[in-house]
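Asker: What follows is a predicted protein model with its sequence.
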Amino acid sequence: MPSARHSIRSAAIENGLLVLTWEDSHESRFHPIWLRHQCWCPDCGTPETGVRGIRLHHIDEGISIESAVVEGNGVQVTWPDGHRSEFAARWLRNHCYSDAERARRQVQPVLWDRTLSSDIPVGSLIEAEADPAARLKILEMVRDYGFCKIVDAPVEREESQRMIRLAGAQRQTHFGTYTLKKKTTVTNVGDTTGPLDPHVDEPYRYAAIGITVFQVLRPSSNGGASTLVDGFEAARHLKEQWPEDFELLCKTPITCQRFDPGDNSHGNMRWYKSRLPVIRLDDRGKVCGVRMNERQISPLDVPADQVVPVYRALKRLFEILYSEDLRLTLNLKAGEGLLFDNQRLLHGRTGFTPETPPRAVLTSSVDLDDFHSSMRLLQRDLDPDAMHLELQQGMAG
């Protein structure tokens with residue numbers, strides 16, 4: 001039996017719109033052109049496959065509805081030319097564009113600071129491999145908190161794909177699945193042994209890394225703890241304390257670059273450069289992505305009168321980011337790791353002393369789109385309404 005939320009009480013045509021009243025008393029209003037364009041009958045096709053017979057320029061924007069009747073658990077709409085469209089009740093409710101329903105579909109990130117240390121999100125790789133619901137819970141924790149600690153993970157590099165597959169298909173970058181370790185010639189800061197301030201990876205790419213998969217094969221016995229900072233919470237602090245600086249960093253493009261001589265990229269030389277703001281807002285003015293890495297900021301390319309204000313704003317932002325109040329420190333053991341959103345979370349580590357055998361950790365990545373896809377496919381079977389939520393789009397767009 002459908003829930004009250006998914007049961008239509010009545011359908012009527014009012015002022016040219018299809019008005020549905022639901023058993024939970026919510027009211028949805030649909031424009032005829034929206035309904036006609038979204039007819040998914042065999043003739044019209046579906047955007048899910050991209051095979052469509054209908055074209056917008058064939059639809060009059062003033063098209064009217066001939067009739068609308070509730071049939072079973074849905075509505076049948078008849079058009080003036082005799083074409084019929086059938087819409088399932090659940091589909092209509094999940095795509096209702098009333099203010100209340102659009103707000104309901106917005107995922108609200110859980111912002112956090114160092115006080116989260118007593119209750120961090122944790123999931124088991126072994127449980128996730130055996131139970132789709134456990135895997136979905138891990139992905140939804142990454143969605144909500146920006147990260148999840150993973151336990152019961154492998155300690156051999158040969159099995160590293162197991163943890164990557166939790167999030168999706170591995171993204172192929174110039175690093176691949178990279179082993180962080182001390183090297184004689186260092187072209188990657190991760191191969192040093194000193195402390196690393198919180199940062200996002202690869203801000204020099206326009207298509208930035210989405211989900212980072214971090215795996216500890218062998219930890220250091222004298223440091224090397226992982227640190228995390230919620231970039232959304234840092235942005236909130238900046239907006240609260242210095243709103244003019246927040247606005248400046250949302251609109252001012254900052255150049256970041258990286259030259260890779262090929263020492264750690266299969267011998268292929270690379271030189272990347274991008275120019276984007278360090279904070280991105282979505283269409284509702286909410287922070288949806290960050291691109292914060294002080295080490296890779298190149299010479300500012302801004303009007304002369306903006307040089308000092310932009311530097312002041314960046315300085316204040318990084319003072320917030322480096323604050324102990326926001327920093328979460330995790331001493332990960334062998335067989336533990338992290339899945340985290342590189343377009344929200346900043347990561348770093350404490351310093352450590354080289355030893356034998358050396359510290360060995362792996363880092364790889366999955367595109368944000370692919371991570372979202374993995375989550376939707378699980379939700380399709382386990383929580384169909386959740387697959388229609390609007391997810392954080394990161395720095396895209």
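Answerer: All right, it came through fine.

Asker: Show me what counts as buried in the helix or strand Ser274 falls within.
Answerer: Ser274 is part of strand 270-276, with elements assigned from DSSP states H and E. Under the neighbour-count criterion of 16 or more other CB atoms under 10 Å, strand 270-276 has Tyr272, Ser274, Leu276 buried. Every residue, glycine included, has its C-beta placed from N, CA and C.

Asker: okay if I get those residues as CSV plus pLDDT and distance to Asp81?
Answerer: CSV is the format used below for the buried residues of strand 270-276 (pLDDT from 0 to 100; distance: CB to CB, whole Å):
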residue, pLDDT, distance to Asp81
Tyr272, 93, 53
Ser274, 95, 50
Leu276, 96, 47
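
Asker: Mind pulling up the pLDDT for the nearest residue to Gln170 once chain neighbours are set aside?
Answerer: Nearest non-adjacent residue to Gln170, counting by CB to CB, 6 or more residues apart in numbering: Ile164, 5.0 Å away. For Ile164, the model assigns a pLDDT of 96.

Asker: so Ile164 sits in a helix?
Answerer: Yes: the assignment for Ile164 by DSSP: H, G, I helix; E, B strand; the rest coil puts it in a helix.

Asker: who touches the residue lying closest to Ser85 once chain neighbours are set aside in this structure?
Answerer: Spatially, and ignoring its direct neighbours in sequence, Ser85 is nearest to Cys39 (3.9 Å; CB to CB, 6+ apart). Contacts for Cys39 were tallied using CB atoms under 8 Å, 6 or more residues apart in numbering; they are Ile54, His83, Ser85.

Asker: Out of these, which sit inside helices?
Answerer: Of those, none are assigned to helices by DSSP state H.

Asker: about what we covered before: quick check, the residue nearest to Gln170 in contact with Val213.
Answerer: Yes: Ile164 lies in contact with Val213 (CB atoms under 8 Å); the separation is 5.0 Å.

Asker: Show me which of these two is the more surrounded one.
Answerer: Val213 (26 against 20; other CB atoms under 10 Å).

Asker: For the more buried one, give me the pLDDT.
Answerer: With respect to pLDDT, Val213 scores 97.

Asker: repeat for the one 5 residues further on
Answerer: At Arg218 the predicted local distance difference test score is 95.

Asker: Need the nearest residue in space to it, chain neighbours excluded.
Answerer: Using CB to CB, 6+ apart, the closest residue to Arg218 is Ala360 (4.3 Å).

Asker: pretty sure the one you found contacts Gln215?
Answerer: No: proximity of Ala360 to Gln215 does not meet the contact threshold set by CB under 8 Å, at 9.4 Å.

Asker: If you count surrounding residues, which of the two has more?
Answerer: Taking other CB under 10 Å, Ala360 and Gln215 do not tie; Gln215 has more neighbours (29 against 17).

Asker: elements contacting the host helix or strand of the more buried one?
Answerer: Applying DSSP H and E as the criterion places Gln215 in strand 211-218. When contacts are defined as 3 or more CB pairs under 8 Å, 6 or more residues apart in numbering; DSSP states H and E, strand 211-218 sits against helix 161-167, strand 336-341, strand 360-366.

Asker: picking that back up, would you reformat the contacts of Cys39 as TSV and include pLDDT, neighbour count and distance to Gly262?
Answerer: Formatted as TSV, the contacts of Cys39 follow (pLDDT from 0 to 100; neighbours: other CB atoms under 10 Å; distance: CB to CB, whole Å):
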residue	pLDDT	neighbour count	distance to Gly262
Ile54	93	16	50
His83	97	15	60
Ser85	98	18	57
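
Asker: Distance of Thr363 relative to Glu159?
Answerer: Distance of Thr363 to Glu159, computed by CB to CB, to the nearest Å: 15 Å.

Asker: the more surrounded of those two?
Answerer: Using other CB under 10 Å, the more surrounded residue of Thr363 and Glu159 is Thr363, with 21 against 13.

Asker: Tell me what the more buried one is bridged to.
Answerer: Note on Thr363: beta-bridge partners by DSSP bridges are Tyr178, Phe214.

Asker: just checking, it touches Ile211?
Answerer: No: using CB under 8 Å as the test, Thr363 is too far from Ile211 to be in contact (11.3 Å).

Asker: quick one: contacts of the strand holding Gln215?
Answerer: With contact meaning CB under 8 Å, 6+ apart, strand 211-218 is reached by 142, 153-157, 160, 163-164, 166-168, 170, 201, 226, 332-342, 347, 357-368, 371.

Asker: now stretch 126-145, how far from the chain's geometric center?
Answerer: 15 Å (CA atoms, centre = their mean, to the nearest Å).

Asker: tell me the average confidence for that stretch?
Answerer: 98.

Asker: What are the buried residues along that stretch?
Answerer: Judged by neighbour count (16+ other CB under 10 Å), stretch 126-145 contains these buried residues: Ala128, Arg135, Leu136, Lys137, Ile138, Leu139, Glu140, Met141, Val142, Arg143, Asp144, Tyr145.

Asker: Turn the residues you listed into JSON lines, columns for secondary structure.
Answerer: Formatted as JSON lines, the buried residues of stretch 126-145 follow (three-state DSSP):
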{"residue": "Ala128", "secondary structure": "helix"}
{"residue": "Arg135", "secondary structure": "helix"}
{"residue": "Leu136", "secondary structure": "helix"}
{"residue": "Lys137", "secondary structure": "helix"}
{"residue": "Ile138", "secondary structure": "helix"}
{"residue": "Leu139", "secondary structure": "helix"}
{"residue": "Glu140", "secondary structure": "helix"}
{"residue": "Met141", "secondary structure": "helix"}
{"residue": "Val142", "secondary structure": "helix"}
{"residue": "Arg143", "secondary structure": "helix"}
{"residue": "Asp144", "secondary structure": "helix"}
{"residue": "Tyr145", "secondary structure": "helix"}
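
Asker: That'll do, ta.
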